[in-house]
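1. got a predicted structure here, sequence first:
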Amino acid sequence: MMAKDPLEPDAATSGTSGSEGAGSWRHDPATRLPQGIEEHTGARIARVRKSRHLTQRELADKSHVSYSTITKVEQGNMPASPSVTGALARALSVPVSD
């Protein structure tokens, strides 16, 4: 039996009714982003943040992204949305692609 991809919607969320659409992110503390050869976005954010000598709270204040969101993204418990990625990249003075 193959393991289910944690980012794929299950049958309960793939229908057309309900508030969650197919492929929407469902927060489940037991589900973490896939850990591959490359760093996930949150790990890269944490690495750059630390190189700038900023705490998560300082980055939250500077980027106007909540502390809670930054914590979850850095830990790999939540994917970074494009708007969060952009705000953090601007606050850290790095290109979004980094």
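-> Thanks, I have the structure now.

2. phi and psi next, for Ser81.
-> The phi/psi pair for Ser81 (degrees, to the nearest 10) reads phi -70, psi 160.

3. how much space between it and Val73?
-> Per CB to CB, to the nearest Å, Ser81 is found 9 Å from Val73. In short, each C-beta sits where N, CA and C put it, glycine included.

4. pLDDT value on Asp98, please?
-> Reading off the confidence values, Asp98 has pLDDT 83.

5. I misspoke; the intended subject was Glu39.
-> Glu39 carries a pLDDT value of 76.

6. what about it, how many neighbours?
-> Neighbour count of Glu39, defined by other CB atoms under 10 Å: 13.

7. and Arg52, by the same measure?
-> 14.

8. Val73 reaches Arg49, doesn't it?
-> No. Counting by CB atoms under 8 Å, Arg49 is not a contact partner of Val73; they are 10.8 Å apart.

9. tell me which of those two has more neighbours.
-> Val73 (25 against 21).

10. element containing that one, please.
-> helix 67-75 (DSSP states H and E).

11. for Ala89, same thing?
-> Counting by DSSP H and E, Ala89 is part of helix 82-92.

12. show me what counts as buried in that helix.
-> Buried residues in helix 82-92, counted by 16 or more other CB atoms under 10 Å: 84-85, 87-89, 91-92.

13. now the end-to-end length of stretch 57-77.
-> Using CA to CA, to the nearest Å, one end of stretch 57-77 lies 18 Å from the other.

14. state the mean pLDDT of that stretch.
-> pLDDT averaged over stretch 57-77 gives 97.

15. quick one: buried residues of that stretch?
-> Buried residues in stretch 57-77, counting neighbours by 16+ other CB under 10 Å, are found at 59-60, 62-63, 65, 69-74, 76-77.

16. which stretches of this protein form helices?
-> Assigned by DSSP state H, the helices in the chain fall at 41-51, 56-63, 67-75, 82-92.

17. same list, the ones you listed, but as a markdown table with distance to Asp98 please.
-> As requested, the helices of the chain are exported to a markdown table (distance: least, CB to CB, whole Å):
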| stretch | distance to Asp98 |
| --- | --- |
| helix 41-51 | 7 |
| helix 56-63 | 15 |
| helix 67-75 | 15 |
| helix 82-92 | 7 |
